[in-house]
Structure formats: C-alpha cells, structure tokens
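Enquirer: A structural model of the following input is requested.
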Amino acid sequence: MSNQQQFKYSTGVIAYPLLFVLSIWMVFWMQVRFFPSIKRLGVYPQQLDGLLGIFTSPFIHADIEHLYHNSIPLFILSVALFYFYRKISWKVIIFGIILSGLFTWVIGRPANHIGASGLVYVLVSFIFFKGIFAKHFRLIALSLIVIFLYGSMIWYAFPVKDGMSWEGHLGGLLSGLLFAIVFRKAIAKPERYVWQQPDYNEEDDPFLRHFDENGNFMELKEPEVEQEPISEDINSHITYVFKENKDD
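Expert: As a prediction, the model looks like this:
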C-alpha cells in the first residue's frame, strides 16, 4: 500500500466510530430502561467471575454524565485511528479493550470498574506514541493535537480522585504504548520525491535539462519534424462531378 493510500478517506472512517459509540449509548438506554442489573457487569479485580467484565465493562456506564464524557473523546480518537491507521484500527480497539481490562483486573482495587475510559486512554497513548515513532510530519502533528486536547488526562492515571478507576486509565496508557511498539512497522513513511530515489539521474530530469552545468537557463530547441512534400499533380486525386440539370 502506498503512502497516499495510507491516508485515504473512506466512509468507514466516520461510520465505524459512530456505530461503536451508538452501540454504547444503546446499551446504556437498555440498562436504564429494562436491565439495570447489567450495571454490575464490570471488572472485579482478582475474581474469576470478574473476568467477564473485561469484555462488557466498556459498554457499561454509571450515569449519563459518565457516558457523555467518554463518548466525545472516544469518537474523535476513533476517527483519527481509522483514518491514519486503518489497517490495524480494529486490532488496536479489540486488543486494547482486552489488555487494558486485564491490567485493571490485575492491579485494580476491589470494586466494580466500568466505562469506556480505559479504551479512551488506549487510543490517546497509542496515537501519541505512534506519531512520535513514525517520524512522519502528519502523524507527529496528530500526536501534538492529541496531547493538546487530552494531555491533562494523564493525571487521572494516578489515584488523584475518589470513585474513579485510575487503574483502568493506567492500564489503557500502558496498553497504548505497548501497541505503538508492537505495530511500529505499520507506519506510513514520508513520501520520497523523484530526486530522492537512489536510482535518480539528473541527466534524465526533464526540468534540469533546461539548465547548463553552471545553473544558467538555456532554451531547448524542439526537434524539427520533416514534412512530406505536397504532390504537384494534386488534380489527379480530385474527381469532378458535373450535373446538367439540378434535378439530376
């Protein structure tokens, strides 16, 4: 895949993140309306029955405010992920949910850890470090934008606020960094111009041909094209038709 195709836009760039966020809102609506008991399907650290929450916790939220604060960054970061890293986007999301959930299950406090914030931290960490590793100006710019918008989230990866799963946030940060290292080869490399290619020859360059060895512009003459002489006996190729009456 060429560098231009790496950044090619498709409908999935918007559709997949939108459907993912809408599915989380749908689960929350079902939780509030019909099944309030599913709120308990979070990650319970160091408990075997709490392992199920690794897969279900990103879809479970405590209240509408909790869901709202996770939905906006999740959508924005997912769009960036699908646009710049389309080939590995689903791997980052699926394995990000699993790995960040496992981190939470191992190091978490005895509590019900729910919410998609762990995945949000995976995306923030992955996009930031991936852009730094890529050394591509577009991806570095994306990293700077992400750190500008969500850099303050780093503090919530530590126990600075009661009632917040900082373990899930920390697990997301570590998971994103790990994925940036594992997928470091799946990086869109900077586009190389013709004159940067190893087999480039200045003499074949159509632009440089207009300059001499001292850099002075010289006008190139177009090669003369020989024209075939017109036959003098042109009348021999002309047929005349005479009509005596106009009705003929």
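
Enquirer: State the distance from Trp29 to Trp166.
Expert: Noted for Trp29: a distance of 28 Å to Trp166, by CB to CB, to the nearest Å. Using the backbone N, CA and C atoms, a C-beta is placed for each residue, glycine as well.

Enquirer: neighbour count winner among those two?
Expert: Trp166 (19 against 11; other CB atoms under 10 Å).

Enquirer: Contact partners for that one?
Expert: Residues near Trp166 by CB atoms under 8 Å, 6 or more residues apart in numbering: Tyr156, Ala157, Phe158, Pro159, Val160.

Enquirer: mind putting these in CSV, secondary structure and pLDDT included?
Expert: Listed next are the contacts of Trp166 as CSV, based on DSSP: H, G, I helix; E, B strand; the rest coil; pLDDT from 0 to 100:
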residue, secondary structure, pLDDT
Tyr156, helix, 89
Ala157, helix, 90
Phe158, coil, 89
Pro159, coil, 88
Val160, coil, 85
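
Enquirer: Which among those residues count as buried?
Expert: Neighbour-count burial (16 or more other CB atoms under 10 Å) applied to the contacts of Trp166 gives Tyr156, Ala157.

Enquirer: And for Ser71, the neighbour number?
Expert: 19.

Enquirer: which SSE is it in?
Expert: Using DSSP states H and E, Ser71 sits in helix 64-84.

Enquirer: Could you list every helix and strand that that helix packs against?
Expert: Applying 3 or more CB pairs under 8 Å, 6 or more residues apart in numbering; DSSP states H and E, we find helix 64-84 packed against helix 12-33, helix 89-107, helix 117-134, helix 137-150.

Enquirer: and among the ones you listed, the most buried is which?
Expert: Stretch with highest mean neighbour count among those: helix 117-134 (a mean of 25; mean count of other CB atoms under 10 Å).

Enquirer: Check which helices and strands that one is in contact with.
Expert: Helix 117-134 packs on helix 64-84, helix 89-107, helix 137-150, helix 166-182, going by 3+ CB pairs under 8 Å, 6+ apart.

Enquirer: Give the rounded mean pLDDT of the first one.
Expert: When pLDDT is averaged over helix 64-84, the result is 93.

Enquirer: Pull the distance from it to the chain's centre.
Expert: Centroid displacement of helix 64-84 relative to its chain, using CA atoms, centre = their mean, to the nearest Å, is 14 Å.

Enquirer: Helix 12-33 and that helix, what's the angle between them?
Expert: 160 degrees (axes from the mean of the first three to the mean of the last three CA atoms, to 10 degrees).

Enquirer: Renumber starting at 34 from here on
Expert: With the count now opening at 34, the last piece we talked about shows up as helix 97-117.

Enquirer: who touches helix 97-117?
Expert: Applying CB under 8 Å, 6+ apart, the external contacts of helix 97-117 come out as 39-40, 42, 45-47, 49-51, 53-54, 57-58, 61, 94, 122, 125-126, 148-150, 152-153, 156-157, 159-160, 171-172, 175, 179, 182-183, 221.

Enquirer: Return the set of buried residues in that helix.
Expert: 99-100, 103-104, 106-111, 113-117.

Enquirer: Return the helix or strand in the protein with minimum mean pLDDT.
Expert: The helix or strand of the chain with the poorest confidence is helix 36-39; it has a mean of 46 (mean pLDDT, DSSP states H and E).
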